[in-house]
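In: Mind looking at a prediction? Sequence and model below.
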Amino acid sequence: MISAVYALIAIGFTMIFGVGGVLNLAHGALIMIGAFAYLAVTSSAGGIALPPVVGLVVAVAITAGASYVLYAGLVKYIEDNVVITFLATVVLALLLTELVIIQFGAEPSQLIPVVAGSFYIESVGTRIRYVEIVAFVVSWIAIGLLWYYVTKTDEGRSILATSMSTRGAELTGVDLEKVKSRTWLIAGAFAGIAGVFIGTLQSTYPEMWLNPLALAFIIVVIGGIGSIKGSVVAAYLIGYLETASIELLGPSFQGVLSLIVLAIVLLILPHGLYGRELVHE
């Protein structure tokens with residue numbers, strides 16, 4: 001179930017890189033924004049206290065808007081310089097973290113689940129929270145809608161075309177700036193969904209974006225940079241490995257198996273599992 005959320009994070013990360021060649025390290029901060037936006041609009045302390053489902057929609061919209069502003073207000077002007085863009089997104093992520101600490105404090109907060117309650121599966125001896133099922137379903141609905149968008153609509157196919165060949169897309173009349181803007185909006189929406197559910201299933205605190213960003217990087221490298229399908233496959237691989245590490249080795253070894261697989265993939269398949277599927281020959 002958590003793998004579906006990991007897939008959302010990785011897809012947004014890899015879409016931005018595939019379309020614009022931008023390694024957006026502020027993507028993790030967008031996850032944090034999604035969680036804290038949800039906290040702000042659903043908590044009574046925030047003065048609004050919206051219903052959880054409405055709060056989820058509002059948080060996703062806020063995160064998507066923040067992602068668009070990040071592109072339109074900053075990245076668009078510096079994206080040609082890879083190093084400056086890399087550093088700028090890192091600095092912005094750290095700045096947003098400090099602003100969140102000032103506003104909400106550094107202590108972890110608990111989010112109100114979109115759906116409360118749980119049930120026990122006696123045959124396997126595990127308890128599943130309803131919010132975990134909701135996270136799984138919502139994540140796969142979002143992935144399915146993205147698949148339909150990029151394969152069945154002209155606007156979506158323009159994103160696919162740009163990720164294959166920027167020059168080729170321009171020659172067919174694609175407006176690259178609009179394509180990039182839509183890509184950042186979609187990536188931001190995915191980060192917002194992931195932020196709400198990660199914040200609910202785990203905990204919400206200013207540095208919560210570090211681990212998901214590292215996981216997204218591992219997933220994208222294993223799946224293949226620019227490949228949505230690769231991100232989904234790798235997300236499930238990493239999700240199972242993380243769970244297996246905790247069960248077999250303990251929480252302190254959570255990322256060990258993932259790093260071993262990453263090293264093996266880099267040695268055997270430097271382009272990742274599906275890294276060459278969108279290469280324009």
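Out: Yes, it's here.

In: Mean confidence (pLDDT) on stretch 268-277, please.
Out: Per-residue pLDDT over stretch 268-277 has a mean of 75.

In: And the contacts of that stretch?
Out: Counting by C-beta atoms under 8 Å, 6 or more residues apart in numbering, the neighbours of stretch 268-277 from elsewhere in the structure are 220-227, 229-230, 233-234, 265. Just so you know, the C-beta spots here come from the backbone N, C-alpha and C atoms, and that holds for glycine as well.

In: of the residues you listed, the lowest pLDDT goes to which?
Out: The model is least sure about Gly226 among the contacts of stretch 268-277, giving it 75.

In: how about that residue, phi and psi?
Out: The main-chain torsion angles of Gly226 are listed as degrees, to the nearest 10 and equal phi 90, psi 0.

In: Now it: closest residue in space, sequence neighbours ignored.
Out: In space, Gly226 comes closest to Gly18 once its chain neighbours are excluded; the distance is 3.3 Å by C-beta to C-beta, 6 or more residues apart in numbering.

In: Tell me the buried residues in the helix or strand encompassing the one you found?
Out: Remark: Gly18 resides in helix 2-20, with elements defined by DSSP states H and E. Residues of helix 2-20 classed as buried: 2-20 (neighbour count, 16 or more other C-beta atoms under 10 Å).

In: How far off centre is stretch 193-201?
Out: Relative to the mean C-alpha coordinate of its chain, stretch 193-201 is positioned 10 Å out (C-alpha atoms, centre = their mean, to the nearest Å).

In: likewise stretch 151-158?
Out: 21 Å.

In: Quick check: mean pLDDT of that stretch?
Out: The predicted confidence, averaged over stretch 151-158, sits at 89.

In: just stretch 130-142 next, same as before
Out: This predicted structure assigns stretch 130-142 an average pLDDT of 93.

In: Contacts for it next, please.
Out: By C-beta under 8 Å, 6+ apart, the residues outside stretch 130-142 that reach it are 1-2, 4-5, 7-8, 113-119, 189-190, 193-194, 197, 200-201.

In: Quick check: strands, which of those are part of them?
Out: Mapping those onto strands (DSSP state E) picks out Ser118, Phe119.

In: Show me how to select, in PyMOL, the buried members of the contacts of stretch 130-142.
Out: The PyMOL selection below is limited to those of the contacts of stretch 130-142 classed as buried (16+ other C-beta under 10 Å):
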select buried, resi 1+2+4+5+7+8+113+114+189+190+193+194+197+200+201
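
In: List the residue ranges of the chain that fall below the pLDDT cut-off.
Out: When residues are selected by pLDDT under 70, those of the chain lie in 45-47, 275-281.

In: please redo it, this time with the cut-off set to 80
Out: Under the criterion pLDDT under 80, the flagged ranges of the chain are 44-48, 122-125, 165, 225-226, 251-255, 275-281.
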